[in-house]
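# let me see the structure of the following:
(one chain, ligands or ions: 1)
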Amino acid sequence: MNPSPIDVDLALVGGGGAASLVLAALDRHDLTGLRVAVVDPVHKRGQDRTWAFWGAPGGDVDPLLTASWSRVDVVTPAGRRVLSLDPLRYAMLRSAPVYDRAAAAERRLGAARIGAPAGTLHDDGHRVTVYDPAGRVLVRAGWVLDSRPRPPERPGRTTWLQHFRGWWLAADRPTFDPDRAVLMDFRTPQPVRGVSFGYVLPVDDRYALVEYTEFSPAQLTDAGYDAALRGYAALLGLDLTALRVRELENGIIPMTDGPFLPRPSPRVVRLGTAGGATRPSTGFTFAAMLRQADQIARALAAGQAPVPAPAYPRRHRWLDAVALRALDRGHVGGVEFFARLFDRNPPERVLRFLDGATSPAEELAVMRSSPLLPMTGAVLGDAVDRLRVRLRRDPTPTVPEAGSRAAGQAGS
Ligand SMILES: Cc1cc2nc3c(=O)[nH]c(=O)nc-3n(C[C@H](O)[C@H](O)[C@H](O)COP(=O)(O)OP(=O)(O)OC[C@H]3O[C@@H](n4cnc5c(N)ncnc54)[C@H](O)[C@@H]3O)c2cc1C
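Sure thing, here's the model as predicted:
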């Protein structure tokens, strides 16, 4: 028998990264009177990912951080730049403390947990009904925050992946410099199409996450990632026979200019990757999720609708589409693109730019520092593609030519 569905003010459909940050923010803003439900067949616990992100110190997640660095290295075949991030810092947050924090928030908020997959959402403009895939009602809510993974509304003009494998390496003697993380190390062999880099996030002098990442159209095989990581460890001068791989971390993050709908209906808000929080040109997502979680809790605390600002300004999404296109079509080399970005701008500007938090004047400066001519080609190509897509979707009615097919028939 299906127990009668519960009625809440706010249902979180999907209880992963974005929802965990929302739960923590609701708790922090002391929204204990709010009736909340979380719908997810999986109750996220433990370590399934490591988030790296930058921001000003002193934020809400600071007590949960595993490590943070005020200086990071960007390395290219031409040399090493040490970037002082002050007043920002680069930080590492493992998923286990975030999920624990969300579970504690859930308890304090008295949230209902529904351990079933959600299917369709029906929004009548006043309330949203959440069904399971068999069409049974799971919950009714005033608002739904939906973070279930989904593809973009339509395929992007460029679709890449950020895909990676990391080893948590343990050493018996001091091996890593805990004061310095490597943000991006482009000395790795570059793929034919795409860009690759390694990075190192040391927790202390004997323990670090060493990762190999590619921005490219397709994943590698298991053996391919292992070989790439072995190669990167050799570049770092690490003797793998003296190190233990304590944990493995794999991941795929979409990098696409395909649109994600942040608000598919009046009372449904999409969050996380599904809501467009993943920055197409870098895959970074966490800072936007954190920002939006706080905006949602603040709005609810003020008696307003839980609708955050878009994850990134429209002009950033356009710039990302251009950058992705330029990289994909080979208008610009990946290493050259990132090296110039860090060479010709203060690090703080670059990091804020990558988070979507710069002003138009700063963005102009960033644009100027990128290889301008090839980028212009990419901008024009992007504009032509947009126009083509628009014309395909919204064709201007024309007088049919003699002998042309009737409307509605597929062309060959
Ligand atoms: C290994 C890894 C490392 C990453 N590292 C970084 C990083 O360093 N920095 C950064 O900025 N970003 C990073 N990201 C990207 C991004 O921050 C994470 O993917 C983040 O977890 C996205 O949060 P989310 O809520 O959108 O999705 P998820 O955390 O994946 O949560 C989605 C939830 O939806 C649930 N779900 C699925 N189907 C249903 C259904 N039918 N009904 C109900 N619930 C459902 C799932 O069980 C899951 O709990 C990383 C991603 C991965 C995979």
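
# residue numbers of the protein in contact with the ligand?
13-19, 39-40, 42, 44, 49, 51-53, 117-118, 147-149, 249, 251, 253, 272-274, 284-286 (Cβ under 6 Å from any ligand atom). C-beta here means a position set from N, CA and C on the backbone, and glycine is covered the same way.

# looking at those residues, which are in helices?
Residues of the residues of the chain next to the ligand located in helices (DSSP state H): Gly17, Ala18, Ala19, Phe286.

# identify the farthest-apart pair in those residues.
Spatially, the most separated pair among these is Ala19 and Phe286, at 13.6 Å (Cβ to Cβ).

# can you classify the closest residue to Leu240 other than its chain neighbours as helix, strand or coil?
Nearest residue to Leu240, sequence neighbours excluded (Cβ to Cβ, 6 or more residues apart in numbering): Ala233, at 5.5 Å. Three-state call for Ala233 (DSSP: H, G, I helix; E, B strand; the rest coil): helix.

# residues contacting Ala233?
Trp167, Leu169, Val210, Leu240, Leu243 (Cβ atoms under 8 Å, 6 or more residues apart in numbering).

# between the residues you listed, which is closest to Asp226?
The shortest gap between Asp226 and any of the contacts of Ala233 belongs to Trp167, at 9.1 Å (Cβ to Cβ).

# and that closest one, backbone torsions?
Main-chain dihedrals, Trp167, degrees, to the nearest 10: phi -110, psi 130.

# what sits against it?
Leu209, Val210, Glu211, Leu229, Ala233, Val245, Glu247, Leu248, Glu249.

# buried ones among those?
Leu209, Val210, Glu211, Leu229, Ala233, Glu249 (16 or more other Cβ atoms under 10 Å).

# could you dump these to CSV with pLDDT?
As requested, these are arranged in CSV below (pLDDT from 0 to 100):
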residue, pLDDT
Leu209, 98
Val210, 98
Glu211, 98
Leu229, 98
Ala233, 98
Glu249, 96
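
# setting aside sequence neighbours, what's the nearest residue to the residue of the stretch 1-150 of the chain found nearest the ligand?
Proximity of the stretch 1-150 of the chain to the ligand (Cβ to the nearest ligand atom) peaks at Gly16, 1.9 Å away. Counting by Cβ to Cβ, 6+ apart, Lys44 is the residue found nearest to Gly16 once chain neighbours are left out, at 5.7 Å.

# one step back: could I get the ones in helices among the residues of the chain next to the ligand as CSV with pLDDT and neighbour count?
Formatted as CSV, those follow (pLDDT from 0 to 100; neighbours: other Cβ atoms under 10 Å):
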residue, pLDDT, neighbour count
Gly17, 98, 26
Ala18, 98, 28
Ala19, 98, 26
Phe286, 95, 24
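
# out of everything not next to it in sequence, what's closest to Ala242?
Nearest to Ala242 is Ala171, by Cβ to Cβ, 6+ apart, at 6.7 Å.

# with adjacent residues omitted, what lies nearest to the residue of the stretch 151-300 of the chain found nearest the ligand?
Residue nearest to the ligand within the stretch 151-300 of the chain (Cβ to the nearest ligand atom): Gly272, separated by 2.1 Å. Once flanking residues are discounted, Gly272 sits nearest to Ala18: 3.1 Å by Cβ to Cβ, 6+ apart.

# is it true that that neighbour touches Met289?
Yes: the pair Ala18 / Met289 is scored as a contact, 4.7 Å apart, by Cβ atoms under 8 Å.

# who touches both of those two?
Leu271, Gly272, Ala277.

# wait, what's in contact with the last one?
To tie it back to what came earlier, the one meant is Ala277. Applying Cβ under 8 Å, 6+ apart to Ala277 gives the contacts Ala18, Leu271, Thr285, Ala288, Met289, Gln292, Ala311.

# now Thr66
Taking Cβ under 8 Å, 6+ apart, we find Thr66 in contact with Thr50, Met92, Leu93, Arg94, Pro97, Val203.

# helix, strand or coil for the second one?
Spelled out, that is Met92. Met92 ends up strand, using three-state DSSP.

# tell me which residues touch it, please.
Thr50, Trp51, Ala52, Leu65, Thr66, Ala67, Ser68, Ala181, Leu201, Val203, Leu209.

# doesn't Ala91 make contact with the first one?
It stands for Thr50. No: Thr50 is beyond contact range of Ala91, at 10.7 Å (criterion: Cβ under 8 Å).

# so between these two, which is more surrounded?
Ala91 (24 against 19; other Cβ atoms under 10 Å).

# export the ones in helices among the residues of the chain next to the ligand as a markdown table, with columns for distance to Arg108.
Shown next, in a markdown table, are these (distance: Cβ to Cβ, whole Å):
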| residue | distance to Arg108 |
| --- | --- |
| Gly17 | 20 |
| Ala18 | 19 |
| Ala19 | 16 |
| Phe286 | 23 |
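
# quick one: the helices in the stretch 151-300 of the chain?
222-235, 286-301 (DSSP state H, counting those that start in this stretch).

# show me which positions of the last one end up buried.
Taking 16+ other Cβ under 10 Å as the basis for neighbour counts, the residues of helix 286-301 that come out buried are 286-297, 300.

# so what does the helix or strand following that helix touch, helix or strand wise?
Of the helices and strands lying after helix 286-301 in sequence (DSSP states H and E), the nearest is helix 314-328. Judged by 3 or more Cβ pairs under 8 Å, 6 or more residues apart in numbering; DSSP states H and E, helix 314-328 is in contact with strand 159-171, helix 334-343, helix 360-369, helix 372-393.

# just name the most buried of these.
strand 159-171 (a mean of 21; mean count of other Cβ atoms under 10 Å).

# tell me what angle it forms with helix 314-328.
Interaxial angle of strand 159-171 relative to helix 314-328 (axes from the mean of the first three to the mean of the last three Cα atoms, to 10 degrees): 80 degrees.

# any idea of the mean pLDDT for strand 159-171?
For strand 159-171, mean pLDDT is 97.

# ditto for stretch 90-102
Mean predicted confidence for stretch 90-102 is 97.

# pull out the buried positions in it.
So for stretch 90-102, counting by 16+ other Cβ under 10 Å, buried means Tyr90, Ala91, Met92, Leu93, Arg94, Ser95, Ala96, Val98, Tyr99, Arg101, Ala102.

# so the fifth one sits against Gln47, correct?
This points to Arg94. Yes: if you go by Cβ under 8 Å, Arg94 and Gln47 touch, sitting 5.7 Å apart.
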